[in-house]
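Asker: Pasting the sequence and the predicted model now:
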Amino acid sequence: MDPVTKALDELHRRISGLRGGEVASYIPKLAQADPEDFGIAITSMGGRRYQAGKADTEFTIQSVSKPFVYALALTDLGPDEMLRRVGAEPSGEAFNAISLEPGTGRPANPMVNAGAIATTALVSAADTEARSARILDCLSAFAGRRLGYDEEVYASEAATGDRNRALAYLMRSAGSLSDDPYAVTATYFRQCSVLVTAADLAVMAATLANGGRNPVTGERVVERSVAVRTLAVMATCGMYDGAGEWLLNVGLPAKSGVSGGLIAVGPGRFGVAVYSPPLDPAGNSVRGVAALTAMSERLALHLMHAPVHLTATVTDTGHGARSSRARSPEQTALLNRSSRRIIAVGAQGELEFTETEQLLGAVEGAVPASPGWLVLDLMAVTGIRPGSAAMLAAGLADIARRGHRIVVAAQEPFLAAADGHSDGHSDGHSDGDPDGHPDWHAFGSRDDAVAWCEDQLLAGEPPAGPPAAEGGS
């Protein structure tokens, strides 16, 4: 199991026991959801997908559709006209509040129901059917697969949607909605009844994080400028009257839905989604909020924390790493013949979640099937977060269990941080843990690390097995 999935599994186990909240019942069909359903999914900018729990369980997208339909309408109208028709200010009120601007009837923002209904009406189309088709096409492109509808949920919403129709009629009377209120709300109900999974939503969120390009399919769904404005509205308005506290504690653009879906976006980093039906008083998934709060704290995901990364994390990967140590002709010939057995991967900068995930992906791509020596050159790495250190240790442990010997070249401060020593001291090895993570050999330079691997190879030492006590910087 890869370290990201392992971390999600651990988080899923920890949050699964959380109780509280109520499954939405004002739409009768939603009341039938299993309150024990709980899934988490992440999609990275490299298109890698991770999940835990019931991340493949289908449910209706509901209000999580709002930012994506907003992006579609924004593409059709442009930013100035969109802002003239639908505001961008947090309402500080519940999702179904009457948040209309005095005198104009303009909705406060596109994340509350009034604004979402107005936004749906702004999607360019010849008629109601064509508008629904365009919205479904848009949501499918964000998800990277063809989506469909839950007709029972649609019928249930249509039968109980008087408040949303009332909002539409109020906007019509104020002049902020020109279309037929009944037809517009029918389209909105259909939009909310699209079936998705947490895994789908993670890809959709990652597409916004990736500037509008789906990282799994490679398709450009919306322009970067549209994705930026959509994320800005999500950050300030996506969690309704809990948006301010959310931004303080979690610090990620997000959007929730009454069926239990919740997405969050790390711009340029990842998309994450959670599904768990019980909701808090603000209409947000109880387990979803808890899971994303824990992830943000452990992996330092808060937007205001993230440093600016001007360089790539992985600097080099490949086989045939050689040291500067003098070798005899016979030794040189043997090392040349065995060049694929010593692999070196270099990294730089600070290792947070995204950078560590990229580094582990590069390591997995470089390590061959047969046992060998992995030299992880972290000399240019300046720091690592505790959650990222755990990810890195888990990834290296998995590689060691497959028979490879791990050798790390790093500065002493990094070794101390990765080793878990609070006193800043490192003995050159990581502490083994109950999960069986092995120690690794540590050296103060890449050249020394590669030379040690060469010595082992020339001596005929097999790479398999746990490292011995020797080695150090």
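Answerer: Received it, and whenever you're ready, just let me know what you need. Predicted model only: the values in this text are computed from it and were never measured.
Asker: Can you spell out which helices and strands pack onto whatever helix or strand Ala202 lives in?
Answerer: Using DSSP states H and E, the element containing Ala202 is helix 198-209. If you count contacts as 3 or more Cβ pairs under 8 Å, 6 or more residues apart in numbering; DSSP states H and E, helix 198-209 packs onto strand 39-44, strand 49-53, helix 66-77, helix 128-143, helix 224-237, strand 261-266, strand 270-275. The way it works is simple: take the backbone N, C-alpha and C, and place the C-beta from them, glycine included.
Asker: Packing partners of the longest one?
Answerer: For helix 128-143, the contact count by 3+ Cβ pairs under 8 Å, 6+ apart identifies helix 66-77, helix 181-192, helix 198-209 as packing neighbours.
Asker: Adding distance to Tyr26, mean neighbour count and mean pLDDT, write those helices out as CSV.
Answerer: As requested, the helices and strands packed on helix 128-143 are arranged in CSV below (distance: least, Cβ to Cβ, whole Å; neighbours: other Cβ atoms under 10 Å; pLDDT from 0 to 100):
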stretch, distance to Tyr26, mean neighbour count, mean pLDDT
helix 66-77, 18, 24, 97
helix 181-192, 13, 22, 96
helix 198-209, 22, 29, 98
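Asker: could I get the ones you listed as TSV with distance to Val226?
Answerer: TSV is the format used below for the helices and strands packed on helix 128-143 (distance: least, Cβ to Cβ, whole Å):
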stretch	distance to Val226
helix 66-77	5
helix 181-192	18
helix 198-209	9
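Asker: immediately after the helix or strand harbouring Ala390, which helix or strand?
Answerer: For Ala390, the host element (DSSP H and E) is helix 386-401. Once the chain leaves helix 386-401, the next helix or strand it forms, by DSSP H and E, is strand 405-410.
Asker: partner strands of that following strand, parallel or antiparallel?
Answerer: strand 373-384 (parallel), strand 441-443 (parallel) (DSSP bridges).
Asker: The longest one to helix 386-401, inter-axis angle?
Answerer: Put plainly, it is strand 373-384. 180 degrees (axes from the mean of the first three to the mean of the last three Cα atoms, to 10 degrees).
Asker: and Ser25, helix, strand or coil?
Answerer: Counting by DSSP: H, G, I helix; E, B strand; the rest coil, the backbone at Ser25 sits in coil.
Asker: Could I get the full set of helices for the stretch 301-450 of the chain?
Answerer: Using DSSP state H, counting those that start in this stretch, the helices found in the stretch 301-450 of the chain span residues 329-337, 353-366, 386-401, 412-419, 446-458.
Asker: Make JSON lines from the ones you listed and add distance to Thr60 to it.
Answerer: Converted to JSON lines, the helices of the stretch 301-450 of the chain look like this (distance: least, Cβ to Cβ, whole Å):
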{"stretch": "helix 329-337", "distance to Thr60": "60"}
{"stretch": "helix 353-366", "distance to Thr60": "30"}
{"stretch": "helix 386-401", "distance to Thr60": "32"}
{"stretch": "helix 412-419", "distance to Thr60": "43"}
{"stretch": "helix 446-458", "distance to Thr60": "53"}
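Asker: residue contacts, Gly261?
Answerer: In this structure, Gly261 makes contact with 59, 61-62, 64, 196, 198, 201, 273-275, 285, 288, judged by Cβ atoms under 8 Å, 6 or more residues apart in numbering.
Asker: if you set the cut-off to 6 Å instead, what comes out?
Answerer: 64, 201, 275 (Cβ atoms under 6 Å, 6 or more residues apart in numbering).
Asker: now, among the residues you listed, which is nearest to Gln358?
Answerer: Nearest to Gln358 among those, counting by Cβ to Cβ, is Leu201 at 22.3 Å.
Asker: surely the closest one meets Ile263?
Answerer: Yes. When contacts are counted by Cβ atoms under 6 Å, Leu201 is listed as touching Ile263 (5.0 Å).
Asker: any common contacting residues for these two?
Answerer: Ala273.
Asker: same for the helix holding Ala390, what does it pack against?
Answerer: Counting by 3 or more Cβ pairs under 6 Å, 6 or more residues apart in numbering; DSSP states H and E, the packing neighbours recorded for helix 386-401 are helix 3-16, helix 353-366.
Asker: buried residues in it?
Answerer: 387-400 (16 or more other Cβ atoms under 10 Å).
Asker: hey, C-alpha coordinates of that helix in PDB?
Answerer: The C-alpha trace of helix 386-401 is given here as PDB (Å, rounded to 0.1, in the frame of the first residue of the first chain):
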ATOM      1  CA  PRO A 386       5.900  15.800  10.500                       C
ATOM      2  CA  GLY A 387       3.100  14.400   8.400                       C
ATOM      3  CA  SER A 388       5.300  14.400   5.300                       C
ATOM      4  CA  ALA A 389       8.100  12.700   7.300                       C
ATOM      5  CA  ALA A 390       5.700   9.900   8.200                       C
ATOM      6  CA  MET A 391       4.700   9.600   4.500                       C
ATOM      7  CA  LEU A 392       8.300   9.400   3.400                       C
ATOM      8  CA  ALA A 393       9.200   6.800   6.100                       C
ATOM      9  CA  ALA A 394       6.200   4.600   5.100                       C
ATOM     10  CA  GLY A 395       7.200   4.800   1.400                       C
ATOM     11  CA  LEU A 396      10.800   3.900   2.100                       C
ATOM     12  CA  ALA A 397       9.800   1.100   4.400                       C
ATOM     13  CA  ASP A 398       7.700  -0.400   1.600                       C
ATOM     14  CA  ILE A 399      10.600  -0.200  -0.800                       C
ATOM     15  CA  ALA A 400      12.900  -1.900   1.800                       C
ATOM     16  CA  ARG A 401      10.400  -4.700   2.300                       C
END
